[in-house]
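# mind folding the following:
(one chain, ligands or ions: 1)
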Amino acid sequence: PRPMEVLVKALEETAQARKQVKPKDAVVHWFKMDLRHTDNRSLALANAKAKEAGVPLICMYIVSPQDFEAHLTSPVRVDFMLRTLSVLKQDLAALDIPLYVETVHKRKHVPQRVFELLEEWGSNHLFANIEYEVDELRREAQMIRHFAANNKSYEVVHDTCIVPPGELHTGSGKQYAVYTPWYRAWMAHIHENLDLLELFDRPERNPNGVRTKFQKLFDCSIPDAPENKRLSDAEKKTLRPLWPCGEHEAMARLEKYCDEAIGDYHNKRNIPGDDGTSRLSVHLASGTISSRTCVRTARDRNKTKKLDGGHQGIQTWISEIAWRDFYKHVLVHWPYVCMNKPFKPEYSNIQWSYDRDHFAAWCEGRTGYPIVDAAMRQLNHMGYMHNRCRMIVASFLSKDLLIDWRMGERYFMEHLIDGDFASNNGGWGFSASVGVDPQPYFRIFNPLLQSEKFDPNGDYIRKWVPELAGLSNKEIHDPYNRGAGTKAKKQGYPKQIVEHRGARERALSAYKEGIESG
Ligand code: FAD
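Numbering: from 1, shown residues only. Predicted coordinates:
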């Protein structure tokens, strides 16, 4: 059975036992990738339970270094989350709600430690939002059963997707493997169930006396990042101002984006030199804003008050948020994508190259293809890359260099501030043509044409590859073949490490052979 089915079964089989559990001294919400107190389903449910029982609400967050390792969480992402916890702690303290944060070094000890904390606080009720990765679903299922067997209730609920995974089916009852029909079904489902866009209130103030009883929890400090995930002082200085954290920042960014820029999203979203996208991905990935709030806010600005029709920019933006839901639905239905396997098994036999020099040149932005190098340097410098460029560099790695796409997928997770397993795996699967609803393998991006089309004046390249800044708009996309070789060489810019036309032929044969032998 799929991990999600195991979880649902655990919930069903313990339903009666959980219902009978009586609240004691507190109700607990466990924050994970939902670092906000506004519009948070589990937190709202925990708050309602606490109010009904007349007991305080306690919040907790477990810092798990092994989970950071397992998920390849980047240092810039860890820093963002820990900074966000400070904001959240303050917001909750203003409502007399403690946020207790503890580091648990071994991930296998997390369930037991959570149980012990509930015992310590005299709580019988724990709430959390579901995370859809395989290990997390399995752990939750075990915890639900363990809690129920010990007269405690652990409730986990859907929150991160607008339409919970498992709700949408094709006419023959299957999970959609193609985005466009899935998206139509997604919109229709929301239009028929408008409560999916109802936002949850933030929790109410805790009853008097909570500070006397739980002062220790209010006083706890936010731990430092584990040593191997810590930013240097210099990195903190450059990265922190680029990525202001916390839910107020996320909400302000959303409002400003909807007021000033969403209208032009459909025209500008593919131009990396232009700030035409929302830059909300880090907030969606860390849960400092919910996708529900994003879609609801954008939809309310559309004169049709629907997800489709009306304003083109708003419609297109909502359809991009939907991709995020789509990839999570895929992960839940085909969990083997979590296990280093291509979605399409017939693509398992491609003979990839493991050329270290080529991979290093790609990682460091030294391939001799300015658009690729600009993109990789943007990633290395700020922990973020524009979507169009993510597709260009992923295609370049897997097709022009024929390097195993999983090496690129991993490098992205280790460096992105918005690293999210489902979206990253989906994006790599799409670009390397091995995923769900992929680009056909014989459609291979030409990096020079992509560069000319989406960065026509070289603005993006000039920003990230400053040694080429003095070149003309024509030269900048391909200096050595457009008469600017001497200038490029003088500036230390490398020649192309592969020639695109030959590399394309090599990729076509390798894919063909791989599929035929698969
Ligand atoms: P906007 O254009 O403003 O879009 C709004 C939101 O919609 C985004 O914040 C994001 O949550 C969602 N979204 C937009 N496009 C996509 C998409 N193609 N797939 C899934 N969600 C989307 N996105 C991540 O959040 N984390 C990742 O680890 C990630 N890895 C990627 C890897 C590859 C190879 C590719 C091609 C795409 C990847 N994406 C990933 C999707 C996309 O590139 C980013 O979400 C987007 O660039 C974030 O910028 P933004 O917030 O300004 O997006």
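
# tell me the contacts of the nearest residue to Val134 once chain neighbours are set aside?
Take Val134 and drop its neighbours on the chain: the residue closest to it by Cβ to Cβ, 6 or more residues apart in numbering is Cys338, 4.6 Å away. (Each C-beta comes from the backbone N, C-alpha and C, glycine too.) Contact criterion Cβ atoms under 8 Å, 6 or more residues apart in numbering gives Glu133, Val134, Leu331, Phe421, Asn425 as the residues in contact with Cys338.

# residues in contact with the residue in the stretch 101-250 of the chain that the ligand sits nearest to?
Each residue of the stretch 101-250 of the chain has a distance to the ligand, by Cβ to the nearest ligand atom, and the smallest belongs to Tyr179, at 9.5 Å. With contact taken as Cβ under 8 Å, 6+ apart, Tyr179 is in contact with Trp323, Phe326, Asp437.

# re the thing from before, in strands, which of the contacts of Cys338 fall?
Under the assignment DSSP state E, the contacts of Cys338 contribute nothing to strands.

# what would the residues you listed look like in TSV with neighbour count and distance to the ligand?
Putting the contacts of Cys338 into TSV (neighbours: other Cβ atoms under 10 Å; distance: Cβ to the nearest ligand atom, whole Å) gives the following:
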residue	neighbour count	distance to the ligand
Glu133	20	13
Val134	18	17
Leu331	25	12
Phe421	21	8
Asn425	25	8
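
# and the two most separated of the residues you listed?
Farthest apart among those by Cβ to Cβ are Val134 and Asn425. That separation is 11.9 Å.

# return the nearest residue of the stretch 301-450 of the chain with respect to the ligand.
Residue nearest to the ligand within the stretch 301-450 of the chain: Gly427 (2.4 Å; Cβ to the nearest ligand atom).

# what's stretch 298-309 in contact with?
Judged by Cβ under 8 Å, 6+ apart, the contacts made with stretch 298-309 from elsewhere in the structure are 187, 190-191, 197, 258, 262, 295, 310-311, 314-315, 317-318, 321.

# can you check stretch 109-116 too?
Under the contact criterion Cβ under 8 Å, 6+ apart, stretch 109-116 has outside partners 30, 60, 62, 64, 102, 104, 126, 139, 142-143, 146-147, 150, 152.

# go again using 6 Å as the cut-off
For stretch 109-116, the surrounding residues in contact (Cβ atoms under 6 Å, 6 or more residues apart in numbering) are Ile62, Ser64, Val104, Met143.

# okay, that stretch in CSV with CA atoms only?
Taking only C-alpha atoms (Å, rounded to 0.1, in the frame of the first residue of the first chain), the coordinates of stretch 109-116 have been written out as CSV:
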residue,chain,number,x,y,z
HIS,A,109,13.9,9.5,18.5
VAL,A,110,11.5,12.2,17.4
PRO,A,111,8.2,10.3,17.9
GLN,A,112,9.2,9.2,21.4
ARG,A,113,10.4,12.7,22.4
VAL,A,114,7.1,14.2,21.1
PHE,A,115,5.2,11.7,23.2
GLU,A,116,7.3,12.5,26.3
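
# can you pull the buried residues of that stretch?
Taking 16 or more other Cβ atoms under 10 Å as the neighbour-count basis, stretch 109-116 is seen to contain the buried residues Val110, Pro111, Val114, Phe115.

# and what of stretch 124-139?
Judged by neighbour count using 16+ other Cβ under 10 Å, the buried positions of stretch 124-139 are 124-134, 136-137, 139.

# now the residue of the stretch 101-250 of the chain closest to the ligand: how far from Phe430?
9 Å (Cβ to Cβ, to the nearest Å).

# so which residues on the protein come close to the ligand?
Residues of the chain found near the ligand (Cβ under 6 Å from any ligand atom) are 269, 277-281, 284-285, 320-321, 323-324, 327, 387, 390-391, 394, 412, 416, 418-420, 423-424, 426-428, 431.

# now do the contacts for the residue positioned nearest the centre of the chain.
Closest residue to the average C-alpha location of the chain: Asp420 at 2.9 Å, with Cα atoms, centre = their mean. With contacts defined as Cβ under 6 Å, 6+ apart, Asp420 is in contact with Ala285.

# send the alpha carbons of whatever helix or strand Ala510 lives in over as CSV?
With elements taken from DSSP states H and E, the one containing Ala510 is helix 500-517. As requested, C-alpha coordinates have been extracted for helix 500-517 and formatted as CSV (Å, rounded to 0.1, in the frame of the first residue of the first chain):
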residue,chain,number,x,y,z
HIS,A,500,25.2,22.0,-28.8
ARG,A,501,24.5,20.4,-32.1
GLY,A,502,26.7,17.4,-31.5
ALA,A,503,25.5,17.1,-27.9
ARG,A,504,21.9,17.1,-29.1
GLU,A,505,22.5,14.2,-31.4
ARG,A,506,24.3,12.3,-28.6
ALA,A,507,21.3,12.9,-26.3
LEU,A,508,18.8,11.8,-28.9
SER,A,509,20.6,8.5,-29.4
ALA,A,510,21.2,7.8,-25.7
TYR,A,511,17.5,8.4,-24.9
LYS,A,512,16.3,6.3,-27.8
GLU,A,513,18.7,3.4,-26.9
GLY,A,514,17.8,3.7,-23.3
ILE,A,515,14.0,3.5,-24.0
GLU,A,516,14.4,0.7,-26.5
SER,A,517,16.4,-1.4,-24.0
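
# what does that helix rub up against?
Residues from elsewhere that reach helix 500-517, judged by Cβ under 6 Å, 6+ apart: Glu346, Asn349, Ile350, Gln351, Lys399, Asp400, Leu402, Tyr441, Ile444.

# next, the fourth one: secondary structure please.
Look at Gln351: counting by DSSP: H, G, I helix; E, B strand; the rest coil, its state is coil.

# ok, and what's touching the longest helix belonging to the chain?
Assignment by DSSP state H gives helix 312-333 as the longest helix of the chain. Residues from elsewhere that reach helix 312-333, judged by Cβ under 6 Å, 6+ apart: 4, 132, 161-162, 165, 175, 179, 182-183, 186, 262-266, 291, 294-295, 298, 302, 307-308, 422-423, 426, 436.

# of these, grab the buried ones for ChimeraX.
If you want just the buried ones from these in ChimeraX, going by 16+ other Cβ under 10 Å, the selection is:
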select :4,132,161,162,165,175,179,182,183,186,262,263,265,266,291,294,295,298,302,307,308,422,423,426,436
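
# filter the contacts of helix 312-333 down to the ones in strands?
Checking the contacts of helix 312-333 against strands, none of them qualifies (DSSP E).

# neighbours of the residue of the stretch 301-450 of the chain closest to the ligand, just the number please.
By the other Cβ atoms under 10 Å criterion, the neighbourhood of Gly427 contains 21 residues.

# what of Ser42?
The number of residues packed near Ser42 is 23, by other Cβ under 10 Å.

# what does whichever helix or strand it is part of rub up against?
Counting by DSSP H and E, the secondary-structure element that holds Ser42 is helix 41-53. Applying Cβ under 6 Å, 6+ apart, the external contacts of helix 41-53 come out as Pro23, Val27, His29, Leu57, His125, Phe127, Ala128, Asn129, Val157, Asp159, Phe200, Pro203.

# same thing but 8 Å
Helix 41-53 is contacted from outside by 23, 26-31, 34, 37, 56-57, 59, 125, 127-129, 155-159, 200-204, 206, using Cβ under 8 Å, 6+ apart.

# repeat for stretch 19-28
Residues from elsewhere that reach stretch 19-28 (Cβ under 8 Å, 6+ apart): 46-47, 49-50, 52-53, 55-60, 117-118, 121-127, 151-153, 213-214.

# show me which parts of that stretch are buried, residue by residue.
Along stretch 19-28, the positions that meet the burial threshold by neighbour count (16+ other Cβ under 10 Å) are Val21, Pro23, Lys24, Ala26, Val27, Val28.

# related to what we said a few turns ago, any of the contacts of helix 500-517 buried? List them.
Under a neighbour-count criterion of 16+ other Cβ under 10 Å, the subset of the contacts of helix 500-517 counted as buried comprises Ile350, Lys399, Asp400, Leu402, Tyr441, Ile444.

# out of the contacts of stretch 109-116, which sit inside helices?
Cross-referencing the contacts of stretch 109-116 with the helices (criterion: DSSP H) gives Met143 as the overlap.
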